[in-house]
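[1] Pasting the sequence and the predicted coordinates here, then a few questions.
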Amino acid sequence: MSERPFDAEAYVAAMTPTLALAVREEWRAPVTAHVAAIAAAADLILSFSLSDEAEPAPVFEP
Amino acid sequence: MSDEIAGLAAYEIAEAVRARKLSAREVAEAAIGRIEAGNARLGAFTDKTYQRALAEADAVDDAIADGEAPPLAGVTYAVKNLFDVEGVTTRAGSKINRDNPPAGNDATLIRKMAVGGAVILGALNMGEYAYDFTGENAHDGPSHNPHDPGRMSGGSSGGSGTAVAAGMAAVSLGSDTNGSIRVPASFCGLFGLKPTYGRLSRAGTFPFCASLDHLGPLARSARDLALVFDALQGADPADPAQAQQPPIAALRELDKGIDGLRIAIADDYFRRNGMPEAFDAVDTIAAALGVSATVTLPEAARARASAYIITAAEAATLHARRIRTRAADFDADVRDRLIAGAMIPAAWVIQAQRVRAWFREAMREIFRKVDVILAPATPFHALPAGTRTITLDGVTMPARPNIGIFTQPISFIGLPVVAVPVWLPGAALPIGVQVIAPAWREDLALRVAWHLERAGVVHAPVAELVAA
């Protein structure tokens, strides 16, 4: 799906200060591994062709 | 004698107590004796409510003396510690939540158990905030597998598996978001029911991922699951996700057997990435049912990927404040996943919810042709405690997330499942098979499970207690 492979390390480095998350140095590697796993899952579903009419599952009843 | 009582199924207890062959107090005292003998070694209970249990038992005995016949008369049970139990702090497996005051009221399902005449023994160990498949807890220690205490109970309803397999309670209540009832049922050799999403009220329980959270029972008989499920149903405005569906009477349907049911074995995704025992267990069940038809659940890997993303994003949102203010107080494994989840772009989550709607439709189509689907519950027997990686089909991967590889696509669209326990010839440990039914047809899965149990193909023996 992605033209350029997702760079989990760069993503975590950018998002940590952007979202003001406190990530200690020793947490960075496991957090990055989890982000990489989530990105791999996302790649699988973003590459799945759905019609424009395919709505998300939850229905809100006012 | 007390160990014999503690080994009775819930339906046997209820019948004996109603017939006044046993008192509810005797049953409660037998369970308490079993907990006191085994809990220090097995780590099932985090909170004990013996005083309440004995008071409830006495009230049941009085009611029966007055001519009443409660359906769950004297049935002993305990709940995953994310259920509110009046007077007990709902820790949800965490260190952080034990700073909260004790719950002021019982969760809805506990109130229903009490109305039915059941007797609550306490609250059970679980993986932190239910983000877990192992039953290991960084703060309370692991809940051990009673059939081999060196192995995992499975999670996140780990104590719920341990307590019932060890004969400390006849029934437990757990929660299942991606497999957290079905995994401990598989590892501990129990029957577990994950009802249809939206069937049972979740009010008064600590959430994990609102889109996917379910509650349900674990027991040593499929008949107990039906008995308890019937007692737990009913509309509750306090759970906004509860569906407007009429209750069913599962127990009444149980003896209808499997005649006329179209049953098929899930292939493709559900025949890969497992150890031989996972598929041997499915084949054992299929052979006993005379089933050879197969069915392909389309895009199961994408279904699982979607559930994984929705879980990570919703859990990160739920815990956003705690992850900012008390990150170091989390179990490290949970904390790192919550931080990662906080970084998920919205488009990934919304796409996952679009896949969910697509997969629901695809499965509705499949259920026009079949009534029940068989699939493995876990890819292997209970793992040794502390296992970090596993090798499946030649690929080494992290053990923890992959324990739920077969459960996750099914709960993703809320289908009802009964996990049934198989003991393969010569195996020292059990392993579960998922009996999957269409939405709102828990009765079909329960009928198949009860048929298998009566035929002796599946069973859930009480483990012998090993001294601490």
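    Here it is on my side, so go on. Keep in mind the model is a prediction, meaning the values are calculated, not measured. Numbering: from 1, shown residues only, chains lettered A, B, ... in the order given.

[2] these two touch, right, B:A449 and B:A222?
    Yes. Look at B:A449 against B:A222 with CB atoms under 8 Å: they come within range, at 3.7 Å. Just so you know, the C-beta spots here come from the backbone N, C-alpha and C atoms, and that holds for glycine as well.

[3] Overlap in contacts, those two.
    Shared contacts of B:A449 and B:A222 (CB atoms under 8 Å, 6 or more residues apart in numbering or on different chains): B:191, B:418, B:420.

[4] I'd like the average pLDDT over stretch B:305-318.
    Average pLDDT, stretch B:305-318: 98.

[5] Is the most centrally placed residue in chain A within a helix or a strand, and which one?
    Centroid-nearest residue in chain A, with CA atoms, centre = their mean: A:A39, separated by 4.6 Å. Assessed by DSSP states H and E, A:A39 sits inside helix A:25-46.

[6] Mind listing what's buried along that helix?
    By neighbour count with 16 or more other CB atoms under 10 Å in any protein chain shown, helix A:25-46 contains the buried residues A:27-28, A:30-39, A:41-42, A:44-46.

[7] for stretch B:236-256, same thing?
    B:236, B:239, B:241-242, B:248, B:250-251, B:253-254.

[8] tell me the SS of B:R354?
    helix (DSSP: H, G, I helix; E, B strand; the rest coil).

[9] Let me know the pLDDT of it.
    B:R354 is given a pLDDT of 98.

[10] That one contacts A:S49, correct?
    No. B:R354 is beyond contact range of A:S49, at 11.1 Å (criterion: CB under 8 Å).

[11] the more surrounded of these two?
    It is B:R354, of B:R354 and A:S49, that has more neighbours when counted by other CB atoms under 10 Å in any protein chain shown, with 19 against 5.

[12] which ones are touching the more buried one?
    A:50, A:54-57.

[13] Distance of B:R151 relative to B:G426?
    17 Å (CB to CB, to the nearest Å).

[14] any idea which element B:V433 lies in?
    strand B:431-436.

[15] before we move on, what SS does whichever residue of the stretch 101-250 of chain B sits closest to chain A have?
    Proximity of the stretch 101-250 of chain B to chain A (CB to the nearest CB) peaks at B:S211, 6.7 Å away. Put simply, B:S211 is coil when judged by three-state DSSP.

[16] measure the spatially closest residue to it that is not a sequence neighbour to B:R354 for me?
    Computed as CB to CB, 6 or more residues apart in numbering or on different chains, the closest residue to B:S211 that is not its neighbour in sequence is B:I310, at 5.5 Å. Distance of B:I310 to B:R354, given as CB to CB: 11 Å.

[17] Near chain B, which residues of chain A are found?
    For chain A, the residues found near chain B under the criterion CB under 8 Å from any CB of the partner chain are A:11-12, A:15, A:19-24, A:27, A:30-35, A:37-38, A:40-42, A:44-46, A:48, A:50, A:54-58.

[18] Who wins on neighbours among the contacts of B:R354?
    Neighbour-wise, the contacts of B:R354 (other CB under 10 Å) top out at A:A57, 19 neighbours.

[19] give the contact list for the nearest residue in space to it that is not next to it in sequence.
    Nearest non-adjacent residue to A:A57, counting by CB to CB, 6+ apart: B:R356, 3.9 Å away. When contacts are counted by CB under 8 Å, 6+ apart, B:R356 touches A:56-57, B:303, B:306, B:310, B:412-413.
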